[in-house]
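# Quick one: sequence and predicted model below, then my questions.
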Amino acid sequence: MKVLVVDDEPLARVRMRKLLLESGKELEIDEAESADTALSKILENKPLVVFLDIQMPGKGGFELIEDLCKIPEKDVPYIVFATAFDEYAIKAFEKNAIDYLLKPVEQERLLQTLEKLTDLENSKQQGKSTDNLYEKLKSLIENKSDAYLQRLHVKIGDRTLLINTAEIVRFESDEKYTAVYANDNRYIIDTPMIDLESKLDPKTFIRVHRANLVAVNRIAEIRRQFPGKLVVILNDAAKTVIPVGRNYADKVKDL
C-alpha cells in the first residue's frame, strides 16, 4: 500500500510515519510538506491513500482537494484527514472523506483506518460497488465551509453567548487570553489564537500580526507607513488601526 503523508510540520510527519511503521501493515511511505509537493507526488507515484493535514501555510488541504478534482479520476487517491479540527469539521469529514483522524493521532484509531482502506481496496479489486470517491471529494469542496467554525461560544458567568463568526471583526491575543471584538462589544475567551486560526476559514479571517486575526471583509484600507511598514485600517466604529507583522505582509498585500 503506497501512502503519502502531507503535513507542513516535520514532527507531525515523523509521528505519523512512526505510527504507520508500527502498524504491522506492508506500506511504502512517502512525505510532502506542502500541497504543491503533494500534488506532484500524487501524479508521479499514484499512492493509494493520502493522510492530509488541512491547515497549512499557503495552499491548505482543501486547495489540494480542489486540484485533485481536476486530474483524471483514476489517479485520485483515498483521502484521510489528519487534523486538529474538532466537532466543527466532523460532519463534513464523515460525509465526504474516507476517514478522518484527530491529532494527536492514536495508534488504535489509525489501525481502524488502515483496515477500512484494506477492505475498500479489496472490494474494489473484486468489482464490488463502492462509494464514488471523486464525487465525494467534489461535494466536500462545494460544502467545505461546513468544516469551519460557524459560531463561537463565549462564557460569561452562568451564561453562554453564541456569536456568529460572520459578526466578528477581529481577535486579539493577550498573553493567556484572547479578546473577541464583535457587534461593538469586547469579549474574553481562553482559546489560544493558534487554535482559533485552525478552526476559521482562511478565506474569511487572516492573520495580520502574531497577536491579531482579522475578518477579511472588515479591512477597509491597507496603508504603507515609513519605513516600509504596513497597517490595516478596519471599517469598525473605532476605525481600528492594526500593524501588519513582517511575516504576514505578503498575505495582506495579496488581498
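Looks like it came in fine.
# only C-alpha atoms for contact and neighbour calcs from this point on.
OK.
# residue ranges with poor pLDDT in the protein?
Applying pLDDT under 70 to the chain flags the ranges 85-97, 128-134, 140-147.
# Where do the domain boundaries of it fall?
Following automatic domain parsing, the chain resolves into domains at 2-147, 151-253.
# Now render these as CSV, adding mean neighbour count.
Listed next are those as CSV, based on neighbours: other CA atoms under 10 Å:
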stretch, mean neighbour count
domain 2-147, 17
domain 151-253, 15
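# Report all helices and strands that the longest helix seen in the chain contacts.
In the chain, taking DSSP state H as the definition, the longest helix is helix 107-125. Counting contacts by 3 or more CA pairs under 8 Å, 6 or more residues apart in numbering; DSSP states H and E, helix 107-125 packs against helix 10-21, strand 99-102.
# can you list the ones you listed in TSV and add distance to residue 217?
Below are the helices and strands packed on helix 107-125 laid out as TSV (distance: least, CA to CA, whole Å):
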stretch	distance to residue 217
helix 10-21	33
strand 99-102	30
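# Figure out which of those is closest to residue 161.
Nearest to residue 161 among these is strand 99-102 (26.6 Å), distances taken as CA to CA.
# OK, contacts around residue 180?
Residues counted as contacts of residue 180 (CA atoms under 8 Å, 6 or more residues apart in numbering) are 168, 169, 170, 171, 172, 186, 187, 188, 189.
# Try it again at 6 Å.
Listed by CA atoms under 6 Å, 6 or more residues apart in numbering, the contact partners of residue 180 are 171, 186, 187.
# part of a strand, is the second one?
Yes: assessed by DSSP: H, G, I helix; E, B strand; the rest coil, residue 186 belongs to a strand.
# and the nearest residue to it once chain neighbours are set aside, what helix or strand is that in?
Using CA to CA, 6 or more residues apart in numbering and skipping the chain neighbours, the partner closest in space to residue 186 is residue 180 (5.6 Å). Using DSSP states H and E, residue 180 falls within strand 177-182.
# from the chain's centre, how far out does that strand sit?
Relative to its chain's centre, strand 177-182 lies at 21 Å (CA atoms, centre = their mean, to the nearest Å).
# Adjacent strands (with direction) for that strand?
Strand 177-182 has its sheet partners listed here by DSSP bridges as strand 168-174 (antiparallel), strand 185-189 (antiparallel).
# what's the last one in contact with?
In this case it means strand 185-189. Against strand 185-189 from outside (CA under 6 Å, 6+ apart): 177, 178, 179, 180.
# rerun that using 7 Å as the cut-off
Strand 185-189 is contacted by residues 154, 177, 178, 179, 180, 181 when judged by CA atoms under 7 Å, 6 or more residues apart in numbering.
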